[in-house]
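Peer 1: below are the sequence and a predicted model for it; my questions follow.
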Amino acid sequence: MTVRQAIAADIPAIMTVLEAARGIMRASGNPSQWPDGYPTQEMIENDLAQGVGKVFETDGTVVAYFACIPGPDPTYAYIEDGAWLEDTLPYYVIHRIASLPQVHGIFKGIISYTARLTGNIRIDTHKDNRIMQHLLEKHGFSYCGIIYLANGDPRLAYQRLQ
């Protein structure tokens, strides 16, 4: 498996991966984090235009997608019921993690990729996303508190420092 910059030709495959990820979320008791059609194709196109969209591919087939975005993230400016482990150094944020259900090791690969860019990684997830919470704890992230998305929805915020 290799990770590379996503390109426009990948968009149909990325949208298929996102739909599969919505199915995984729903099947695991997280029906509301990504409603139908989210993330939108427009969001993915924006990720690509900004150069932050990444794909994993195996034998030329896109099997996973994520966005790796340099901070600051405006939704991380305010954190409730806690604090960031470190709030002065530059960081990267990982968003829109999605993979096909038969593919394993994607999260570990994403963290490995991002750790080569920075030792300060932030991520947030829905309270019902038990799979992501488990992966975050397994890979050395600490729970820091609650952040709010631009639409006001709360998310559990995590940070990993190396």
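Peer 2: The structure has been received and is ready for your questions. Numbering: from 1, shown residues only.
Peer 1: which ones are touching residue 17?
Peer 2: 62, 63, 64, 65, 98, 99, 100 (C-beta atoms under 8 Å, 6 or more residues apart in numbering). All C-beta spots, glycine's among them, are computed from the backbone N, C-alpha and C.
Peer 1: contacts for the helix or strand where residue 94 lies, please.
Peer 2: If you go by DSSP states H and E, residue 94 is part of strand 92-99. Contacts to strand 92-99, defined as C-beta under 8 Å, 6+ apart, come from residues 14, 17-18, 20-21, 39, 43-44, 47, 56, 63-71, 73, 76, 106-107, 110, 114, 117-118, 120-123, 132.
Peer 1: and for stretch 107-125?
Peer 2: 1, 3, 33, 54, 56, 64, 66, 68, 71, 73, 75-76, 84, 86, 89-95, 97, 132-133, 135-136, 139, 141, 147, 155-162.
Peer 1: mind doing that once more with 7 Å?
Peer 2: 1, 3, 56, 66, 68, 71, 76, 86, 89-94, 97, 132-133, 135-136, 139, 141, 147, 155-162 (C-beta atoms under 7 Å, 6 or more residues apart in numbering).
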